[in-house]
Each structure stands twice: as structure tokens, then as C-alpha cells.
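1. Generate coordinates for the sequence data below:
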Amino acid sequence: MLKFDKQGLANEILMRLETELEYACVAWRTEVLSKLKHPFFGTDARPEVEYEIKKESSRIVAYLKANTYVLADSYGTGSLMLKDNPGYAAYKNSKYWNKARKGNAITGRPAETYTNIFTGKPRTSSGTMEGHNIEGWEMMTGYKIEPAVPSYAIQMADKWLHETYLPNAYKLAIKEINFAKYLIES
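-> Residues are numbered from 1 along each chain as shown. Predicted coordinates for the structure are as follows:
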């Protein structure tokens with residue numbers, strides 16, 4: 001009589017999938033970083049794209065992470081910002097959103113101290129331009145306030161991940177398994 005060691009097979013599949021998932025996540029991260037159009041929205045921080053793979057009982061979960069710079073680059077800023085950004089609603093309801101902003105255009109803030117979304121550092125506004133569209137304005141420092149065109153870096157990398165990297169990871173993991181070793185004679 002033959003028995004099938006399904007737990008042994010499940011363990012090997014998970015182990016091999018975890019290895020292949022690591023390669024898929026590295027490819028995703030590389031793809032995102034290679035498609036960025038505005039790699040530095042400021043001088044205090046840099047684009048960060050990471051992933052974390054966790055084994056949770058009988059499954060493997062990959063968490064994909066991108067910082068504010070990467071999200072702004074991928075989904076655009078100001079009047080060019082895409083509203084299909086999964087974090088858009090949370091951003092509009094956060095302490096970072098300019099209360100004087102009626103649409104997506106970059107507008108002057110009220111007189112207040114606020115937290116810069118990119119650096120996390122406090123900034124102070126005099127309120128002089130409160131509610132006025134300031135896109136295209138040039139500051140005394142020479143910095144020009146411009147909306148950023150979306151690069152779609154995350155969206156393209158996600159498409160590649162789901163259509164190419166993950167299916168290949170699964171195929172490669174399964175291809176390496178010797179199913180015969182899980183048939184046990186009793």
C-alpha cells in the first residue's frame with residue numbers, strides 16, 4: 001500500500017516558494033527603482049522600496065513597502081496627482097494635507113506650523129498665500145513649485161510582479177520538487 005506524505009510535500013513547497021518569492025520581490029523592488037522619474041523630491045531623504053516575507057503557519061506573505069518619495073513619484077503630486085493612489089484618502093484625512101487645499105493643486109497654507117510629508121520635519125507658513133494655487137511659482141531660494149507627473153513605477157512593477165514574477169516563482173518552485181519521495185510504502 002502507498003501513502004502520500006502531504007505535510008512533507010506542503011513543507012517543501014512552502015520552503016521552495018519562499019526562496020522563489022525572495023527573487024520575485026527583489027525583481028519588484030528593482031523594477032520600481034528603475035522606473036522612478038523624480039528620484040529625489042528633497043535632500044533629506046531618498047526613495048526607499050523594501051519588502052518583507054513572513055511565513056504564517058501554512059502560507060507565505062510578502063509585504064511590499066515604499067516611502068512617501070516613491071509614492072509621490074509613482075502617483076504624481078499636485079494637480080497631476082492620480083486619485084487611484086491606495087493611500088490618497090488617508091492622505092487627504094491626515095495631518096499632512098493642507099486644510100486650505102480645495103482640489104489637488106499645490107496651494108498656500110494657512111499661518112501655521114505643519115509637518116513636511118517628505119522629511120517629517122516641522123515647517124512654518126506665514127499664511128500669505130493661503131488657499132492660492134502656487135504651482136509654477138519660484139521661491140527666493142530658486143526652488144520652483146511644480147506638480148510631478150506620475151511615473152507609474154509602482155503600478156508597472158506590480159503588474160510585472162503579478163503577471164510574470166509570481167507565476168514564474170510558482171513554476172520554478174514546483175519544477176524542483178521530486179514528488180515521488182513523498183510516496184511512502186507501508
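2. Just give me the residue closest to the centre of the chain.
-> Nearest to the mean C-alpha position of the chain, by C-alpha atoms, centre = their mean, lies Ala66 at 3.6 Å.
3. What separation do you get for the closest residue to that residue other than its chain neighbours and Gly142?
-> Nearest non-adjacent residue to Ala66, counting by C-beta to C-beta, 6 or more residues apart in numbering: Val49, 5.1 Å away. Placement of C-beta: from N, CA and C, glycine included. Distance, Val49 to Gly142, using C-beta to C-beta, to the nearest Å: 29 Å.
4. what's the answer for Leu36, then?
-> Going from Leu36 to Gly142 by C-beta to C-beta gives 23 Å.
5. more crowded one of these two?
-> Taking neighbours as other C-beta atoms under 10 Å, Leu36 and Gly142 compare with Leu36 leading, 17 against 6.
6. Quick check: buried residues in stretch 124-143?
-> By neighbour count on 16 or more other C-beta atoms under 10 Å, the buried set for stretch 124-143 is 125, 130, 133, 135.
7. neighbours of Lys6, just the number please.
-> 9.
8. repeat for the one 5 residues further on
-> The local packing count at Asn11 equals 12, with neighbours defined by other C-beta under 10 Å.
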